[in-house]
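Chemist: Give me coordinates for this.
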Amino acid sequence: MKELCYTLLSDGSSDKALMPILTWLLRANLVDCAIQSNWADLRRLPKPPKKLLPRIINSLELYPCNLLFIHRDAEREPREKRITEILEALEEAVKKPIVVPPHVCVIPVRMQEAWLLFDEAALRKAAGNPRGRQPLNCQISVDLNNYLIQKIFSMDFCAKLVG
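Modeler: The predicted model follows:
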């Protein structure tokens, strides 16, 4: 394979931030060909689908790929329930006249996404700027009793992060 093309189908536009991390994970797991990434932006459709099955179908029609990442937030549900939802929708999708590529379920569970916030080197690497030298001016407070994370960023944090 000369190129791996993946599509991220996510719950919302802010989840597009997962793309550098997914690309980094592919690289870290010995994908040594060119990687092309697409975020399935279905908001611009005349009637954006709400249910997962039509979202999967629209994503594959509009953003063909070799690998499909399907993101669902856990939202107080067990991770296993979200995986089941995705797998059931994919079972239905293969019955349609569309090619369903290999897929990966991406289900962040509360506090599991937080590892990135505690490691500046990992944060810079995931943002595609591992050698960045700009101070991030990032302060993180964690309330372990409530498992809540509050991120306090300066206005130019993201600009400094990506260079």
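
Chemist: so who does residue 93 touch?
Modeler: Under the criterion of Cβ atoms under 8 Å, 6 or more residues apart in numbering, the neighbours of residue 93 are 53, 56-57, 60, 100. (C-beta placed from N, C-alpha, C; glycine too.)

Chemist: what do you get if the cut-off is 7 Å, keeping everything else the same?
Modeler: 53, 56-57, 100 (Cβ atoms under 7 Å, 6 or more residues apart in numbering).

Chemist: Tell me where this structure has strands.
Modeler: For the chain, strands defined by DSSP state E occupy the ranges 3-9, 34-39, 67-71, 103-106, 138-143, 148-153.

Chemist: which stretches of the protein have low pLDDT?
Modeler: The chain contains residues with pLDDT under 70 at 1, 109-119, 123, 126, 136-163.

Chemist: Where is the longest helix in it?
Modeler: For the chain, the longest helix by residue count, based on DSSP state H, is helix 79-93.

Chemist: I'd say residue 86 and residue 105 touch.
Modeler: Yes - counting by Cβ atoms under 7 Å, residue 105 is a contact partner of residue 86 at 5.0 Å.
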